[in-house]
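Asker: Return a 3D structure for these sequence lines:
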Amino acid sequence: MGLKMFEKIFKIKPNTATKSFFEKEIVRQEMLELIDYPDGLPVKVELSRIYKYPIHNHKDIQILYVLEGELDLKLAYTHYFLAKNSIHIIHSNDVHSITSISEDNLVLILDISIAYFTN
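Answerer: Predicted coordinates:
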């Protein structure tokens, strides 16, 4: 499924107009990232170009689907090579970081709220 189909289904476009959160190197005081879900929904879908995303974790489940390019996912002490059409599930509280291998990439990020399903 191509980018145009994702844009049509999810009514979203990749964040390319300005430097996104993913494109900035951020120094964090804490590693725990809180995911802001839209309108109280238990899922968040985002298309992004990731260049360097610093080490962090979150309470929720995150699914990465690489639409274009290649990424290095560091998960705890292991590196995973993610190429086009790769899918990786990041479990709750898994410490991870992401770095671009190829110059250009596009990633579909699906966040799923653990709290929603445990209440």
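Asker: Just give me the residue right at the centre of the chain.
Answerer: Ile109 (4.1 Å; CA atoms, centre = their mean).
Asker: what bridges to the closest residue to Leu82 other than its chain neighbours?
Answerer: Using CB to CB, 6 or more residues apart in numbering and skipping the chain neighbours, the partner closest in space to Leu82 is Leu71 (4.4 Å). Quick note: C-beta positions are derived from backbone N, CA and C, even for glycine. Counting by DSSP bridges, Leu71 forms beta bridges with Leu82, Ser100.
Asker: What of Ile63?
Answerer: Ile89, Leu110.
Asker: Do you know the pLDDT at it?
Answerer: Predicted confidence (pLDDT) for Ile63: 97.
Asker: tell me, how many neighbours does it end up with?
Answerer: 15 (other CB atoms under 10 Å).
Asker: one step back: with His88 as the reference, measure out to the residue nearest to the centre of the chain.
Answerer: According to CB to CB, to the nearest Å, Ile109 stands 11 Å off from His88.
Asker: Find the residues that touch each one of the two.
Answerer: Counting by CB atoms under 8 Å, 6 or more residues apart in numbering, the common neighbours of Ile109 and His88 are 63-64.
Asker: Quick check: which element contains Asp36?
Answerer: Assigned by DSSP states H and E, Asp36 falls within no helix or strand.
Asker: Does the closest residue in space to it that isn't next to it in sequence belong to a helix, a strand or coil?
Answerer: In space, and not counting its chain neighbours, Asp36 is closest to Lys44: 7.6 Å by CB to CB, 6+ apart. Under DSSP: H, G, I helix; E, B strand; the rest coil, Lys44 falls in the strand class.
Asker: quick one, what contacts Thr99?
Answerer: Residues near Thr99 by CB under 8 Å, 6+ apart: 50-53, 71-72, 74.
Asker: let's go with 6 Å and repeat that
Answerer: 52, 72 (CB atoms under 6 Å, 6 or more residues apart in numbering).
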